[in-house]
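Provided below for reference: sequence and predicted model.
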Amino acid sequence: MRRVLAGVLVLLVVAGCTRSPEPDPTPTGPLPTRVASTATALCGVDPQSLVQATEYAPGAVSGELAPGSGYCSAPGVEGFPEKLLIVRVDPVDSEEGQLGLTELKGIGSSEPNVRYDEVDGGAWTDPAIDNWSPGGGMAVVVWGDFVILVITGASAGYRDTAADLWALVQQVASSTGLGPYPVPTGPAVAPSS
């Protein structure tokens, strides 16, 4: 009887030691700032990063980004959300670039509720001021001579939307060849008016 009990105990210990841990169903770590070398960029971002940030898979892409310019969008699979991702890259001195700067300064609209440290940029993540993308967010960042705009039509509720948008902006800059930018320490909440 002791041998049987000892055998069962050994099996339980071995089974417990060899069982792989369950994957975390809600990844909360920061998104990468570059598109993975094994991934094909979707509107300048890593599709897996977009899924992690929004909890939605992207559908077919419309438009394209070129080095220093372009517009690209993607709905969610089966059209929901209708605009899961919108990305614009424009020269600062273009009409579209100037519109991005106007948004960033809050002229004609609300100022970003989050400002990024050490860069000329910010994010709109507050649903009370975000009537164009409820549940998502928008970031506008001046990147050298260019303005990068990233809009997500959804956000994973357990994640930091402003930090995710900043990582997606960096992915767009990297994948479109805009070069490096000093990495800020992260988002800082702007004082409310």
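Received it, and whenever you're ready, just let me know what you need. Numbers count the residues shown, from 1 in each chain.

can you give me the helices for this protein?
For the chain, the helices defined by DSSP state H cover 2-18, 47-54, 95-105, 161-175.

which stretch in those has the least confidence?
Per-stretch averages of pLDDT across these put helix 2-18 at the bottom, with a mean of 44.

Excluding chain neighbours, what is closest to L165?
Nearest residue to L165 in three dimensions, chain neighbours excluded: A139, at 3.7 Å (CB to CB, 6 or more residues apart in numbering). (C-beta placed from N, C-alpha, C; glycine too.)

Neighbours of V77, how many?
A count of neighbours around V77, defined by other CB atoms under 10 Å, yields 12.

Likewise for V92?
Other residues near V92 come to 16 when the count uses other CB under 10 Å.

cool, V114 as well?
V114 is flanked by 24 other residues according to other CB under 10 Å.

Would you check how far apart it and M138 are?
In this view, V114 and M138 are 10 Å apart by CB to CB, to the nearest Å.

what sits in contact with each of these two?
A123, W124 (CB atoms under 8 Å, 6 or more residues apart in numbering).

picking that back up, was I right to think the residue nearest to L165 contacts L168?
Yes - at 7.4 Å, A139 counts as touching L168 under the criterion of CB atoms under 8 Å.

Now do the shared contacts for these two.
Both A139 and L168 are contacted by V150, under the criterion CB under 8 Å, 6+ apart.

Tell me the predicted confidence for G136.
For G136, the pLDDT comes out at 88.

OK, contacts around it?
Taking CB under 8 Å, 6+ apart, we find G136 in contact with T54, P81, D130, I151, T152, G153, A154, S155, T161.

which one of those residues has the most neighbours?
Using other CB under 10 Å as the neighbour criterion, T152 leads these with 28 neighbours.

could you pull out the strands for this protein?
62-66, 69-74, 85-91, 114-116, 121-124, 137-143, 146-152, 187-189 (DSSP state E).

Columns distance to A39 on top of those strands, output as TSV?
Converted to TSV, the strands of the chain look like this (distance: least, CB to CB, whole Å):
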stretch	distance to A39
strand 62-66	15
strand 69-74	14
strand 85-91	14
strand 114-116	24
strand 121-124	24
strand 137-143	21
strand 146-152	17
strand 187-189	24
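
Show me the shaky parts of the protein.
1-27, 127-134, 182-193 (pLDDT under 70).

start to end distance for stretch 143-160?
Using CA to CA, to the nearest Å, one end of stretch 143-160 lies 22 Å from the other.

Which positions within that stretch qualify as buried?
Of the residues in stretch 143-160, those with enough neighbours to count as buried (16 or more other CB atoms under 10 Å) are 143, 146-156, 159-160.
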